[in-house]
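K.L.:
A predicted structure for the sequence below; I have some questions about it.
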Amino acid sequence: MESLKSIVISRFKILSMLVVSMTLSMVLLMVRMKLNQSFFFLFLVWNLFLAIIPFAITTYLKSKEHHHKWVLLLWFGVWLLFLPNAPYIVTDLLHLRGSELYLMWLDVLVVISFAFNGLLLFFFSLMDMEAILKPLMTDKKRSVLITLVLFLTGFGMYLGRFLRYNSWEIIQNPFQLLDDILDIAIHPTSHMQAWVFTITFGAFLSVGFWTLKTFRKED
């Protein structure tokens, strides 16, 4: 309990901002449900919950003063597994295809608000992990690792959106998942969509991450 209290105090500004932003998303969703008499976008709540998990992991890790190398490696693996869930919400914009024209502006606002929260959680979590790894790695190695994570996140988003894998598939269906990943890696020309998606989203996330880091340094 004392540890939880210290986390809330040390991260009060960030947590307060996220709570306000996520509350607004929920309010917009409820307005949308009321006006459209539809629960279609309710899945965004679950997606947002999944987006919180990597941020919760790094928040917990930041609350600890010392990390055993192998324990941290295990946490890093779990964190990386759930990380694509945060920016994944951006791809939910595809569901706007089914929106009714007269209230499409509201649907756009609802999805963008959830996607915005997902991106915030993603960037904050990534900056947390970078800070956690700082005592263990040189700046150059850490930058290379973070860049790799950004593009792996893009690939994870592709697996989730187009191949319909989720974070639990590595336990429930690991061999099929590995087979699909190897097929994409070994036969890139047969999976151009996967590579284009990974590179473009990796670049998008990279620009967003380094831009946000620059702004935070200037504050």
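P.N.:
The structure has been received and is ready for your questions.
K.L.:
Near Phe41, how many other residues are there?
P.N.:
Phe41: 22 surrounding residues under other C-beta atoms under 10 Å. In this view, the C-beta of every residue, glycine as well, is placed from N, C-alpha and C.
K.L.:
Would you agree it is in contact with Val110?
P.N.:
Yes. Under the criterion of C-beta atoms under 8 Å, Phe41 makes contact with Val110 at 5.8 Å.
K.L.:
who touches both of the two?
P.N.:
29, 32 (C-beta atoms under 8 Å, 6 or more residues apart in numbering).
K.L.:
Tell me which residue lies nearest the centroid of the protein.
P.N.:
The chain has Ala86 as the residue nearest its centroid, 1.9 Å off, counting by C-alpha atoms, centre = their mean.
K.L.:
For it, give me its contacts.
P.N.:
50-51, 54-55, 118-119, 121-122, 125.
K.L.:
Recalculate using a threshold of 7 Å.
P.N.:
Ala86 is in contact with 51, 54, 118, 121-122, 125, counting by C-beta atoms under 7 Å, 6 or more residues apart in numbering.
K.L.:
What separation do you get for it and Leu182?
P.N.:
26 Å (C-beta to C-beta, to the nearest Å).
K.L.:
Can you get me a residue count around the nearest residue to Ser206 once chain neighbours are set aside?
P.N.:
Excluding the flanking residues, the one nearest Ser206 by C-beta to C-beta, 6 or more residues apart in numbering is Leu150, at 4.8 Å. Burial measure for Leu150: 23 neighbouring residues, criterion other C-beta under 10 Å.
K.L.:
element containing Leu150, please.
P.N.:
helix 139-161 (DSSP states H and E).
K.L.:
can you give me how far that helix is from the chain middle?
P.N.:
11 Å (C-alpha atoms, centre = their mean, to the nearest Å).
K.L.:
after the helix or strand of the chain with the lowest mean pLDDT comes which helix or strand?
P.N.:
Ranked by mean pLDDT, DSSP states H and E, the weakest helix or strand in the chain is helix 2-10, scoring a mean of 67. The helix or strand immediately downstream of helix 2-10 is helix 12-36, counting by DSSP H and E.
K.L.:
Show the subsequent helix or strand relative to that following helix.
P.N.:
Defined by DSSP H and E, the subsequent element after helix 12-36 is helix 43-62.
K.L.:
any idea of the angle that next one forms with helix 139-161?
P.N.:
Per axes from the mean of the first three to the mean of the last three C-alpha atoms, to 10 degrees, the angle that helix 43-62 makes with helix 139-161 is 160 degrees.
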